[in-house]
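> here is a sequence with its predicted model. Questions after.
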Amino acid sequence: MIKTTVHPGPTAPASGGSILEVDALTKEFGGLTAVNSVTMHVPDRSIVSVIGPNGAGKTTFFNMITGIYAPTRGSIKLAGRELVGLRPDQVTEAGIARTFQNIRLFSSMTSEENIMVGRNSRLKSTFVDAVLRTRRFHESEHEAREAARIMLDFVGLSKWRNEIATNLPYGDQRKLEIARALATTPKLILLDEPAAGMNPRETEDLKALIRRIRDELGVTICLIEHDMRLVMTLSEYITVLDYGTKISEGLPHQVRNDPAVMEAYLGRGAAAGEYGKEEASQ
Amino acid sequence: QTTIKIASISPLSGGQSNLGTQIRNGVQLAVNEYAAQFKKAGFNLQLVPYDDQADPATGTAAARKIAADNQILAVVGTLNSGVAIPASAALAPSNLVMVSPANTANQVTDRGLANMNRIVARDDSQGPAGANFITDTLKAKKVYVLNDKTAYGEGLAGEVEKALKAKGVTISGNEGTEEKSDFSSIVAKIKLTKPDAIYFGGIYNQIGVFIKQLRGAGIDTPVVGGDGLDSSELPVIIGKAGANNVYYTTVAAPLEALPAAKTFAANFQKTFNTPAQGFGAFGYDAAKVTLQGILDAARANGGKAPSRKQVLDTIRKGTYKGLLSGEVSFNSVGDRKAATLYVIKLTDGKAALETSLAVKPPKN
Amino acid sequence: MTVANPAKPAVRRPLVKPDRTVWLVLFFVVTSILLLVSHETDVMKNLGALGDVLRNKVVEALVVSLFLANVLFAYLWKAANWAKLLVGIGSLLFVLPLAGQADTSLLDLSIQIMIFAALALGLNIVVGLAGLLDLGYVAFFAVGAYTWSIFGSPRFSEVLKYYGANAGSTGSGTLVIGLVLTAVAAGSMLYIRGMHGRVAPTTLSNLSFLLAGFGLLSGIILVGRSILVLASGSAEALANGINPGFFWLFLALSVMTAALVGVLIGLPVLKLKGDYLAIITLGLGEVIRVLANNLGLYTAGSQGITPIASASVPWFNSLAGALGFRPEQYYLLFLYVLVLIVIAVILLVNVRLDNSRIGRAWIAIRDDEIAAQAMGVPLMQTKLIAFATGASFAGVMGMIFAAKQTFISPESFNLLQSITVLSMVVLGGMGSFSGVILGAAVVTLLNLRILPGLGEASANVSWIPQEVNPANFNRFIFGSILVAMMLLRPEGLLPNARRTRELHHEDDQEDESADGNASGLKAGGDVYSAGLATTKEDDKTGGDR
Amino acid sequence: MSHLSTHLTTAPTPAAAPDTTGTPMLALTDIHSYYDHIHALKGITLNAYEGEIVALIGGNGAGKTTTLRTVSGMMKPRTGTLSYLGEDVAGKPAHQTMQMGMSHVPEGRRIFAQLTVRENLEVGAYTITDKKLIEERVQEGFAYFPRLKERENQLGGTMSGGEQQMLAIARALMVNPRLLLLDEPSMGLSPLFVEAIFDIIVKLNKEHNTTVLLVEQNANMALAIAHRAYVLQTGEMKLSGKASDIAKDESVRKAYLGDE
Amino acid sequence: MELSVLLPFIVNVIIGGLVLGFVYAIIALGYTMVYGVLQLINFAHSEVFITGAVVGFEVFRILQNSAMNGYLKLLIALVAAMIVSGLLNVLIERLAYRPLRGAPRLVPLITAIGVSLILQDTLRFLEGLQGRFDLTYTLPTGFADKFCATTSSCAPLGNFLRTIGVDVQLKDVILVIVALVSLGLLNYVVNRTRLGKAIRAVSQDRVTAGLMGIDSNLMISATFLIGGALGGVSGVLFGMKFGTINAYSGFDPGIIAFTAAVLGGIGSIPGAVLGGLLLGVIQNLIGVTNIFGNLLGLANLGTIDASYSKIGPFIVLVLILIFKPTGLLGKSNVEKV
Ligand SMILES: Nc1ncnc2c1ncn2[C@@H]1O[C@H](COP(=O)(O)OP(=O)(O)OP(=O)(O)O)[C@@H](O)[C@H]1O
Ligand SMILES: Nc1ncnc2c1ncn2[C@@H]1O[C@H](COP(=O)(O)OP(=O)(O)OP(=O)(O)O)[C@@H](O)[C@H]1O
Ligand SMILES: CC(C)C[C@H](N)C(=O)O
Ligand SMILES: [Mg+2]
Ligand SMILES: [Mg+2]
């Protein structure tokens, strides 16, 4: 029998320590310093957010963590292991998965196949197994398909299983990207503006999904968002970037009331203290 | 009326199609001339031309197809030795005779195939002939040897190099080039090394351009080549001004020298609306050899269509007179027994006989 | 209220295929008879007018094509399995060899088709699945061909003679040094690679890896050279090449050499994107050809290598003899059977890889490299596997090609060949196995049968002037057919289902911007232009530094 | 009201409702549009009068983007009539309708990645030939979004998501359009800039009498500045009316505004 | 060998390479233009440019005996070739590529190869009707002479060139001038004009360009017209420089020219020029490596001669692309993630 464990599940112990430790991370593009010596620690099994005005360097920050850009300086440690210098696929193998600000699904594949690719790095079968159709191959295929089924169920996209991914409605494509990322069995998942293009109602659903990822799968979450209602009600900790520099961090209410953040990012409405009403009730 | 066919294999499309078409047309002309004779003998004579695109694989496939058509009794071809070698091997099992109008590489007949014959000289005669001319007539002490990196050109240039070395001539090395347009670096090297003569194993459309650029750079060094230069196009390409001091060896005497050739050239022009060149004449001669051979074999066969084997044997044994290039008979491996190599000289674009010498293949 | 339910799967009329068992068998029988009859000269003589028609070369070419279509129909049509099996096996193992007995060129043609089919299948992995445009694919074909030809021909003894005469100080001592060097270098490389799996590479470690690489290379050269020198004594004994029994070993060797060359070529260039890759592979293809043309000692340069041996299988020969084949046909028949087996294996490998983790990785890379990488697909490794797999198919077929031709020279491996194989892939339908095989069959039939047939049939038709004789217009006709087929069926003859889905978004809607249609509009948030784009060179991915 | 985003409270006030009695500037009647076989618009009827801000709201995949694409000529409706400025423009290619004074900020921004920020703006002004006027407009765009000025010579493709969104909007404003089609202009923008965008829309509408067809997921905000609104669902028009009325509609609030 | 001999030698080799390079450069631009808008390697461009060469040949042939000024003849030849090649290119796009706008990129690539084959045989057929195959240019008098050989006004320059042993023919100088003028014009059109900006916009995103009011089909046609016209110019220059062409002689230089375009960075005009010049020079230098090999006593170098010059460009390409994956002057392909 094949046992498909896609995720350790909520029974895994919460270690309390930081799973991700980013130290003095810097990225320069020519003369432009997009990310300037940012330090950030993400506690295990937490939900944290990175916010900041447009062009503050948030996406660039994610790109460095996932190995897509090479940092100019700085260090990134996942559970103590240095990630700088690793290729994106090695980073994924190490346990970080992500979604993209501009959705990047495999356009000629179905939803199921998209997720199976996400599972790829965890499969054991090799080239030779595939050619000879060994038992290991069949086990791997089964595992990948099982993972796809579980993940589709988890994000509620089962009905789209055999649809070409890019034909899905926008919001569902975002969820599919999340499912694909989860299929890599990450310790940490990075979500870049997951709620963009969703209306308030759909954003509510998303919020619930993100909580379930943490609670049921035990995955740590780090997200970028401009939807303050989502950020303030969901995050346990927030880091604020502006012009590449960390200008503030802390608990949602601390950040919300930080005048620097208000000035640079939140604008007029912030003072009214409307954000995060829900958070209080959580 | 039984139908008898002969086939031609030559490049009819692609960069060498000009020469290939010449061969096909030459053969066609011979077929036209012989049609009446065949008719009298009770045969309906036809030509089936094949295009080998100067590619060995295509040529072999064509040969295998030809072998499958039982009405085809003989093949004229090919243009390129590189194609002739595998094509003749493919024809051999069906005893289908092949007479080559152009292939000079030694290997063509050295393999000893019963079906492979050629009416042109071998490169191991042509090479030394060229070399002798260079040392004896041109009195060159230092020669720059070039080739076109094809089986033919490199093979021929190799023979020349060997012969020259044996005579103690300084050789710059045997340099190959596939370039068809820009020879500036080679011209510069020639200018630098100042050879007394240049030998270029290759075909006129490449060598012509080379000579043009050489002369353009103000270098008048004599250029010598092989049968690949035997084309009325050569002086056209070089241009009047530079077409001096150019020599080549070939088995066909210049067309103007032979009365028969004059009518051939006129007929050719009339039929195909393009002037005949050396390889048209060779194709014509080779076709005549095969057609005469078929007729002889038929006669021996009591007027019935002969078998391929009979044709093959007849041709190898026969003697054919009155061809544009003189008399043809073959030795045991299919080389032309006695060929005359003519050295032709271009002066102001006009080809004239410089010397001639009789050559014999190594075997008899 | 619910969110609108978008993107219902395209409503395609379900194709209820009618059962065509009867038709299939009928078609098989008729075309088989036609094929056999049209190649039986004696029968033809008694057929009168019909014989004349059948003898017409265009008709003949058509008969061959129709006969081969059997296999296609057995694959495509809905029919009873026994009928499919009967037609498939009957055509390929029975009727075709039988016709080949009367007309050897049919065997030649079939082998050539299958060689090209294998090449197309190999290139399909590289181009169709992994999306890497390779315009120098014929290089691997050449590598396979030369691997065998050098040894299976008199060339080998020439090489040995040369080394015998130019031994220099090479001897058994060199062999030892070479072996040690090879072992040490290989060991260090493995060690460094292992380290890199655990800790990030540094400049120093990369340099050491490179150094060890050089060491390995020199070690191998030393070993090779000393072996050649030591073996030079047997030059005379090997005047006709090594024992043909080695054919089987070389079948494996040609696969490996081609795959190795694939990796070696792939390593530096697979980082490049799109058409940069295309032109560089084109160039490397030419490099291999020019090297073959210049390394006269090993390849005989432009003179070409001949004769090239084929395996000798006595029992097969006696079997063929018993079946009425003539001795000169034995080796072609043998190669025919061999090539059938090889292509079956290749097809199997293809299908199995496609439906596997690696196949998915290829397609993922083709669709979106960055996303694929972010999902844990190692880019280089996956591409290299595609390159090496494709190359190995070409390698083994190169060897069979050499054995079939008994003569090879660099001319057979020019750019045009690469382009021809590519056109087979695209014509048949990129990514579709049956498609590319069909593409190979169609293009080969066109080039070797139909176009020449046209030339032959029209050669003696008096009203066609010489200047416009189709025999002179092979390129023109072939080009026109290419263009016409592409315009009529841009998705290929037997498109891959995945591709069709993609293409039909666009295909049904003509052009976008000008006519106001939506073809350029991709669903999803694809912001950037569809250009060649991908990563920035100054921002290489982490591991590339 | 407490659950409403703060945006609503800070939204700029729209101009007084324009005259909606004459012939509309833009009129869609029973429009059907398809992607391949997907029936995306199933008989849409919609009007926009000169000087109006019309909001189009609906869930994911409702057909909002498709509606805009159909209007601008990026895609051809299969049936139905589409008139703009009294002319039948159904099936007219985009480049022609754009020359009639339309401008479209497309979904997904579609910046010219290999052109610089300035070049992107200049291409946006393709239909203008007066060099001075182009320069004026470029400066106007810079004034709206100072970040663009800072990055004048950066390649469009390297800008951050939000920066690209600004560029897309500025680019569409280069021609000072009579009809502006906006597809989720606030997507990816930080809260500060969301406000800025809505300010700009209102300003254009007030000062230049620009007609705006606005698609927004940020429905609260959109409804606050619009004169009228349409609600789309699965390719069909579910509701239409004054924006303020729609904003109060119970079903709309539930489906799109996240009210429980 | 002393320096006094070697120096002019090497200078000549380099000058030869540069002139060759200019020809490559203009051919390359024809590829680059089309590649830019359609991401298509237009394999038919080699025939488009040879068509220009054929037109040039015909013009010179017809005007052979006229007393017309040589430069005027050249101008007529250039203009005629530009018109014919330009229109031919537009026609090809209209008939063979436009219907395939939505198809995967390899489909028009194969079509382009088909078109290329069609054109080869067609050109050969058309010239064959008049009994011609290899077409040899008859240049106006003086063009093939040494530069500044006769004109007294520039005799000092000519003398100087001669004393240092440098061969330059008048036609080479003309070629470089024509090439530079074409390049300058093209650069102006593409980078400075409204048309150029529109073409660049279309090349990146046709749909969005439409939203800016740009008629993308018109722009694509314009691009093919310009690319074809450049092809025409390069054809005439090619014929003039090398003297003889035939219907098939476009293929090889076409490939090298495209390589040059890639080397310089596809889509970049200065890149194509740089690439062309570099490849021209490298091709020539590789052709003479053996001389230096022999001089330095390096036997291995001595075997590298003209037979390798064809692959020299590719090896350089590999080396450069390994270090600069987007070509020498290619804009890095921006894709923000
Ligand atoms: N390749 C690049 N070259 C030059 N500048 C770049 C590049 N990539 C990003 N930038 C710049 O770096 C800054 C940070 O960009 P980033 O995408 O990280 O912003 P962001 O915080 O994600 O913004 P947004 O919220 O708008 O998505 C921006 O100003 C952007 O223009
Ligand atoms: N390029 C496309 N190809 C195929 N189908 C498409 C395409 N674009 C949209 N669709 C489909 O058309 C329908 C309408 O989509 P549209 O993009 O107009 O919705 P929308 O209201 O803009 O949604 P969203 O809020 O997600 O942007 C959906 O079912 C969608 O899946
Ligand atoms: C000169 C040629 C056209 C043919 C040459 N003699 C050969 O054998 O290939
Ligand atoms: Mg971002
Ligand atoms: Mg939308």
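That came through, no problem. Ligands and ions are numbered 1, 2, ... in the order given.
> contacts and neighbour counts: CA atoms only from here.
OK.
> just name the shakiest helix or strand of the chain by mean pLDDT.
You didn't pick a chain, so chain A it is. Lowest by mean pLDDT, DSSP states H and E among the helices and strands of chain A is helix A:277-281, with a mean of 37.
> so residue B:74, which of the three states?
Secondary structure state of residue B:74, per DSSP: H, G, I helix; E, B strand; the rest coil, is strand.
> let me know the pLDDT of it.
Confidence at residue B:74, expressed as pLDDT, is 96.
> residue contacts, it?
B:5, B:6, B:7, B:96, B:97, B:98, B:99, B:290, B:308, B:311, B:312 (C-alpha atoms under 8 Å, 6 or more residues apart in numbering or on different chains).
> which members of those residues additionally contact chain C?
Near chain C, judged by C-alpha under 8 Å from any C-alpha of the partner chain, there are no entries from the contacts of residue B:74.
> run through the stretch 201-337 of chain E and note the low-pLDDT ranges.
E:299, E:332-336 (pLDDT under 70).
> which parts of it are helices?
Remark: helices assigned in the stretch 201-337 of chain E by DSSP state H, counting those that start in this stretch are E:206-211, E:216-242, E:251-264, E:269-287, E:289-296, E:299-302, E:312-323.
> now swap in the stretch 1-150 of chain B and tell me
Going by DSSP H, counting those that start in this stretch, the stretch 1-150 of chain B shows helices at B:17-40, B:56-68, B:81-91, B:107-110, B:123-132.
> in a markdown table: those, plus mean neighbour count, mean pLDDT and distance to residue A:62.
Converted to a markdown table, the helices of the stretch 1-150 of chain B look like this (neighbours: other C-alpha atoms under 10 Å in any protein chain shown; pLDDT from 0 to 100; distance: least, C-alpha to C-alpha, whole Å):
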| stretch | mean neighbour count | mean pLDDT | distance to residue A:62 |
| --- | --- | --- | --- |
| helix B:17-40 | 22 | 93 | 61 |
| helix B:56-68 | 25 | 90 | 56 |
| helix B:81-91 | 27 | 93 | 61 |
| helix B:107-110 | 20 | 91 | 68 |
| helix B:123-132 | 25 | 92 | 71 |
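> what's the closest of the helices of the stretch 201-337 of chain E to chain D?
Ranking the helices of the stretch 201-337 of chain E by proximity to chain D (C-alpha to the nearest C-alpha) places helix E:206-211 first, at 4.6 Å.
> tell me how far residue A:215 lies from residue E:258.
Residue A:215 sits 57 Å away from residue E:258, going by C-alpha to C-alpha, to the nearest Å.
> ok, now residue C:384?
26 Å.
> which one's more surrounded, those two?
Set residue C:384 next to residue E:258 and count neighbours by other C-alpha atoms under 10 Å in any protein chain shown: residue E:258 wins out with 30 against 20.
> what strand or helix carries the closest residue to the more buried one other than its chain neighbours?
Nearest in space to residue E:258, with sequence neighbours left out and distances taken as C-alpha to C-alpha, 6 or more residues apart in numbering or on different chains, is residue E:28 at 5.3 Å. Using DSSP states H and E, residue E:28 falls within helix E:3-38.
> surely residue A:115 and residue A:153 touch.
No - if you go by C-alpha atoms under 8 Å, residue A:115 and residue A:153 don't touch, sitting 11.8 Å apart.
> when these two are compared, which one has more neighbours?
More crowded of residue A:115 and residue A:153, by other C-alpha under 10 Å: residue A:115, with 31 against 14.
> you'd agree the more buried one is in a strand?
No - applying three-state DSSP, one finds residue A:115 to be helix, outside a strand.
> per-residue confidence for it?
Reported pLDDT for residue A:115: 94.
> report the central residue of the chain.
I went with chain A, as the question did not name one. Geometric centre of chain A, nearest residue: residue A:190, 1.9 Å, by C-alpha atoms, centre = their mean.
> that answer is for a different chain, and I need it for chain D
Mean-position check on chain D, C-alpha atoms, centre = their mean. Result residue D:182 at 1.4 Å.
> chain center to the host helix or strand of it, what's the gap?
According to DSSP H and E, residue D:182 maps onto strand D:179-183. Distance, stretch centre to chain centre, for strand D:179-183: 3 Å (C-alpha atoms, centre = their mean, to the nearest Å).
> pull out the buried positions in the helix or strand following that strand.
Counting by DSSP H and E, the element after strand D:179-183 in chain order, helix or strand, is helix D:191-208. Neighbour counts over helix D:191-208 (16 or more other C-alpha atoms under 10 Å in any protein chain shown) mark D:191-199, D:201-206 as buried.
> ditto for stretch C:224-237
C:224, C:225, C:226, C:227, C:228, C:229, C:230, C:232, C:235.
> for the second one, give me the pLDDT.
For residue C:225, the pLDDT comes out at 89.
> pretty sure it is in a helix, no?
Yes - assessed by three-state DSSP, residue C:225 belongs to a helix.
> count the residues that sit near the residue of the stretch 151-300 of chain C found nearest chain B.
Taking C-alpha to the nearest C-alpha, chain B has its nearest neighbour within the stretch 151-300 of chain C at residue C:293, 7.3 Å off. Neighbour count of residue C:293, defined by other C-alpha under 10 Å: 25.
> what sits closest to it if chain neighbours are left out?
Nearest non-adjacent residue to residue C:293 (C-alpha to C-alpha, 6+ apart): residue C:301, at 4.1 Å.
> again, but for residue E:272
residue E:261 (4.4 Å).
> which residues touch the one you found?
Contact partners of residue E:261, counting by C-alpha under 8 Å, 6+ apart, are E:25, E:28, E:29, E:31, E:32, E:267, E:268, E:271, E:272, E:273, E:275, E:276.
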